[in-house]
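Enquirer: Take a look and give me a structure for this.
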Amino acid sequence: VSKIMGDSGLSTFIMTVLRPLAGTIAASFIQSFFLCFTDFGIPASVGGKFEVIASVLYSQMLGSVPDFNRGSVVAMVMLIPSVVSIVVLHVLEKYNVRYHKISVIEIRKNRARDWFCGLVSMSFCLCVLSIFAVIFVIPFVNDWPYNLQFSTEHIRSVFSDTGLLEVCKNSVLVAVLTAVFGTLLAYGGAIVTARSTVSKKLKQVVEGIALVTNTIPGMVLGLAFLFCFSGTSLQSTFAILIICNVVHFFSTPYLMMKNSLSKMNASWETTAMLMGDNWLKTIIRVVTPNARATILEVFSYYFVNAMVTVSAVVFIAGARTMVITTKIKELQYYNKFNEVFVLSLLILFTNLLAKAVFQFLANRKYHEQKEKKKMKAYERLLNYVKVPTPSDERSGTHPSSACQRVLAEQLVKEMKKLGVSDVRIDEKCYVYGKIPATKGYESKTKLGFIAHMDTVSDFADHAVNPVVHENYDGKDLKLSESGRTLETAVFPHLA
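Expert: Predicted coordinates for the structure are as follows:
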């Protein structure tokens, strides 16, 4: 539309891209600022003597002379951007543009633009990868950067240290349990806001919790857990680490689940209710299977972030519940960088393996659904009628014509692909298949569907070319090249 109106390329870009994304860009800026302002891991690793507010909080709480009162003040200061972020994000919400229909456009070809953007992207990627490459080199040399001779001594040293291996087991345990309980919580919250009929106020409460947890710094959250549960049975346990991680990373998984559930057919619950099913059964048997890919993605998100987080658990991990990230912080203090890099690689490979497994499971489900939905019912019927299956009244065999077996074998293959169980074809060309009852209805009356594969030879003894009449107007139908007509006077149910 912008091009038709004669706008220049720049005007088109501003009107169709920048202006609709203004709220999103502003929100991204605020989130980036917030994450940089409160980050602890990067400044702790490469900040040197340059202090940021997160490192000051760490020094006040776990320094040589801890001062909890001053640490609490620093934590309150870290909350100021959180409060500002919540207010600004709420204001920016009204500037977000929501499209009822998305149109696919073809981008104008421009080799110079594509090469320039490609080279810039490649340059950034190479710079980032070159930094990460050091992580893979250091564990395999004697003494970086002085003695670069290849050695596996550092790897063998870490894997022979039972204390470090125990820390690795702790990390995996915490990550798995965080993913399990976090996924359940995010899915439950999304179900309430996207697929239930609870009051609007309750939905706003859930939305508010997600917004708050998205803006509270991990260190402040960990400090709150430390003060709240100090002296209780939860102190220095895996449970407190898991709860803290679930709360800390709740926002993004919740939004992922909510967006997925909101895109599903809104009439499923109503249809199920008319068929006698309650809301809970519909969620379990219909909604949940269709949300499987997103559930796996949420599980993966929780697992990966629980493996790499340090800010949320640095104050509440004890000697028996220490995880890899807090152990790395301890090893940095003693300048044991070889062990630090080996443990960092262990985190990386663990997360890569987990992502590969989750992606495989999600893709398998996607391809299964795609295979089932590849062809519509009427499209399958059109394929079936193209197979000539005229009966032969003079034949004494079963079936009366051998060509019927061609269609039978085609049906067997498709039924198996659709998930029908116990599919088989007998010597008389009868095709059988079973669809199990819906859970909870096994005792109900069983249904049997029977259909003919043969056709009347008087009308279908030649090649059939089916024709689809879309938006049929209810008038007489001419049967293509046969010269016959289906008249509404003879077949009144057509009108």
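Enquirer: Distance of the closest residue to His398 other than its chain neighbours relative to Met453?
Expert: In space, His398 comes closest to Lys428 once its chain neighbours are excluded; the distance is 4.2 Å by Cβ to Cβ, 6 or more residues apart in numbering. For glycine as for every other residue, the C-beta is placed from the backbone atoms N, C-alpha and C. Relative to Met453, Lys428 is positioned 12 Å away (Cβ to Cβ, to the nearest Å).
Enquirer: What is the burial count for the residue nearest to His398?
Expert: For Lys428, the number of neighbouring residues by other Cβ atoms under 10 Å comes to 8.
Enquirer: ok but it is inside a strand, no?
Expert: No - Lys428 sits outside any strand when classified using DSSP: H, G, I helix; E, B strand; the rest coil, being coil.
Enquirer: per-residue confidence for it?
Expert: pLDDT, Lys428: 87.
Enquirer: For the protein, which segments count as strands?
Expert: Along the chain, counting by DSSP state E, strands occupy 141-143, 147-150, 421-425, 431-434, 477-478, 485-486.
Enquirer: Output those strands in CSV; the columns should cover distance to Ala239 and mean neighbour count.
Expert: Listed next are these as CSV, based on distance: least, Cβ to Cβ, whole Å; neighbours: other Cβ atoms under 10 Å:
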stretch, distance to Ala239, mean neighbour count
strand 141-143, 41, 14
strand 147-150, 43, 10
strand 421-425, 43, 13
strand 431-434, 46, 14
strand 477-478, 70, 15
strand 485-486, 72, 12
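Enquirer: Quick check: which of those is nearest to Met264?
Expert: Closest to Met264 of those, according to Cβ to Cβ: strand 421-425, at 26.3 Å.
Enquirer: So what are the sheet partners of the closest one and their directions?
Expert: Next to strand 421-425 in the sheet, as set by DSSP bridges, lie strand 431-434 (antiparallel).
Enquirer: Please save the CA atoms from the strand it pairs with in PDB.
Expert: Provided in PDB are the C-alpha atoms of strand 431-434 (Å, rounded to 0.1, in the frame of the first residue of the first chain):
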ATOM      1  CA  VAL A 431      -9.400 -54.100   5.000                       C
ATOM      2  CA  TYR A 432      -9.600 -53.900   8.800                       C
ATOM      3  CA  GLY A 433      -8.400 -51.300  11.200                       C
ATOM      4  CA  LYS A 434      -9.100 -50.300  14.800                       C
END
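Enquirer: ok now that strand, how far from the chain's centre?
Expert: Centroid displacement of strand 431-434 relative to its chain, using Cα atoms, centre = their mean, to the nearest Å, is 36 Å.
Enquirer: And for stretch 138-147?
Expert: 39 Å.
Enquirer: try stretch 487-495
Expert: Using Cα atoms, centre = their mean, the offset of stretch 487-495 from its chain centre is 51 Å.
Enquirer: next one: stretch 329-344
Expert: That offset, for stretch 329-344, works out to 33 Å (Cα atoms, centre = their mean).
Enquirer: thought the residue nearest to His398 was touching Pro399?
Expert: Yes - counting by Cβ atoms under 8 Å, Pro399 is a contact partner of Lys428 at 7.0 Å.
Enquirer: ok, now how distant is Ser262 from Gly189?
Expert: Computed as Cβ to Cβ, the Ser262 to Gly189 distance reads 13 Å.
Enquirer: Okay, buried residues for the lengthiest helix in the chain please.
Expert: Taking DSSP state H as the criterion, the chain has its longest helix at helix 337-373. Buried residues in helix 337-373, counted by 16 or more other Cβ atoms under 10 Å: 337-347, 350-351, 354, 358, 362, 365.
Enquirer: what helices or strands is that helix leaning on?
Expert: Counting contacts by 3 or more Cβ pairs under 8 Å, 6 or more residues apart in numbering; DSSP states H and E, helix 337-373 packs against helix 111-137, helix 153-159, helix 162-195, helix 292-308, helix 324-333.
Enquirer: quick one: low-confidence parts of the stretch 101-250 of the chain?
Expert: Within the stretch 101-250 of the chain, the stretches with pLDDT under 70 are 101-106.
Enquirer: Give the buried residues for stretch 22-34.
Expert: Neighbour-count burial for stretch 22-34, counted by 16+ other Cβ under 10 Å, picks out Gly23, Ala27, Ile30, Phe34.
Enquirer: So which of the residues you listed is the closest to Leu382?
Expert: For those, the nearest to Leu382 is Gly23 (46.9 Å; Cβ to Cβ).
Enquirer: Which pLDDT value goes with the closest one?
Expert: According to the model, Gly23 carries a pLDDT of 78.
Enquirer: Distance check, Gly433 against Tyr472.
Expert: 31 Å.
Enquirer: repeat for Asp454
Expert: Counting by Cβ to Cβ, the gap from Asp454 to Tyr472 is 27 Å.
Enquirer: Of the two, give the one with the bigger neighbour count.
Expert: Legend: neighbour count by other Cβ under 10 Å for Asp454 and Tyr472, higher for Asp454 (17 against 9).
Enquirer: picking up where we left off before, just checking, which of the buried residues of stretch 22-34 belong to helices?
Expert: Residues of those located in helices (DSSP H): Gly23, Ala27, Ile30, Phe34.
Enquirer: hang on, the last one packs against Thr215?
Expert: To tie it back to what came earlier, the one meant is Phe34. Yes - using Cβ under 8 Å as the test, Phe34 is close enough to Thr215 to be in contact (6.5 Å).
Enquirer: related to what we said a few turns ago, need the strands of the chain in a markdown table with distance to Arg108, can you?
Expert: Shown next, in a markdown table, are the strands of the chain (distance: least, Cβ to Cβ, whole Å):
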| stretch | distance to Arg108 |
| --- | --- |
| strand 141-143 | 50 |
| strand 147-150 | 50 |
| strand 421-425 | 51 |
| strand 431-434 | 51 |
| strand 477-478 | 45 |
| strand 485-486 | 49 |
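Enquirer: Between Ser262 and Gly189, point out the one with more neighbours.
Expert: Gly189 (22 against 12).
Enquirer: Which residues are in contact with the more buried one?
Expert: Contact analysis of Gly189 by Cβ atoms under 8 Å, 6 or more residues apart in numbering lists Val206, Ile209, Ala210, Phe250, Tyr254, Met257, Lys258.
Enquirer: Generate a ChimeraX selection restricted to the buried entries among those residues.
Expert: Only the buried entries of the contacts of Gly189 go into this ChimeraX selection, using 16+ other Cβ under 10 Å:
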select :206,210,250,254,257,258
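Enquirer: and of the contacts of Gly189, the nearest to Glu297?
Expert: Using Cβ to Cβ, those come closest to Glu297 at Met257, 9.1 Å.
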